[in-house]
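>>> Could you look at this predicted model? Sequence included:
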Amino acid sequence: MNKTSAGILIYRETDAGIEFLLAHPGGPFWKSKDEGAWSILKGENSADEELLKTAQREFNEETGFVPPENLIELGSVIQKNGKTVYAWAGEGEYDVSKSKSNTFEMEWPPKSGKKISVPEIERVEYFDIHAAKIKINPAQAAFIDRLMDKLTL
């Protein structure tokens with residue numbers, strides 16, 4: 001069964017244009033990956049939780065910030081790994097230096113039997129539209145396009 005995630009794409013308006021808040025995953029696997037490795041703030045949905053509630057919970061767990069209230073629905077995409085991601089967007093101004101992610105345990109190095117604790121999200125940053133579309137998981141770039149369409153109507 002394919003997994004489902006839900007998340008929030010934060011944007012802000014600056015003098016230079018719209019910027020998007022993206023998350024870089026934590027852990028040694030992602031350490032040297034950049035282009036295509038960033039994501040909206042999202043997490044896996046459990047069967048008994050509404051998708052929007054998952055998105056709001058995950059945003060808070062991965063940043064320590066309270067998500068905005070007025071969210072714009074952006075639909076879903078299917079990533080290369082088969083995961084379906086649902087997204088909402090909201091305008092927000094956050095001090096990224098104060099972002100604090102939850103952690104998880106993983107085996108590292110693989111098959112070593114050793115466990116390490118790593119942040120789910122290593123860091124969050126705002127990017128302009130050009131940089132964001134390069135940094136974000138390719139399937140999730142559709143969320144940026146959909147949001148821009150809704151903002152220009």
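That came in fine, so what should we check first?
>>> mind checking the SS state of the residue nearest to Asn70 when sequence neighbours are not counted?
Spatial nearest neighbour of Asn70, excluding adjacent residues (C-beta to C-beta, 6 or more residues apart in numbering): Gly90 at 6.4 Å. Yep, even glycine has a C-beta here, placed from its N, CA and C like the rest. Secondary structure state of Gly90, per DSSP: H, G, I helix; E, B strand; the rest coil, is strand.
>>> ok, Gly90 - how many residues close by?
19 (other C-beta atoms under 10 Å).
>>> so what's it up against?
Shown in contact with Gly90 (C-beta atoms under 8 Å, 6 or more residues apart in numbering): Ile8, Leu9, Ile10, Tyr11, Pro67, Pro68, Glu69, Asn70, Leu71, Ile72.
>>> Relative to Lys33, how far out is it?
Noted for Gly90: a distance of 27 Å to Lys33, by C-beta to C-beta, to the nearest Å.
>>> now swap in Ala47 and tell me
Applying C-beta to C-beta, the value for Ala47 to Lys33 is 31 Å.
>>> Neighbour count: those two, which is higher?
For Ala47 versus Lys33, neighbours defined as other C-beta under 10 Å are more numerous around Lys33 (11 against 5).
>>> Can you identify each of the helices in this structure by residue range?
51-63, 129-135, 141-151 (DSSP state H).
>>> now the ones you listed in a markdown table, with distance to Asp95, mean neighbour count and mean pLDDT?
A markdown table is the format used below for the helices of the chain (distance: least, C-beta to C-beta, whole Å; neighbours: other C-beta atoms under 10 Å; pLDDT from 0 to 100):
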| stretch | distance to Asp95 | mean neighbour count | mean pLDDT |
| --- | --- | --- | --- |
| helix 51-63 | 10 | 20 | 97 |
| helix 129-135 | 19 | 16 | 98 |
| helix 141-151 | 22 | 16 | 97 |
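>>> Alright, that wraps it up for me.
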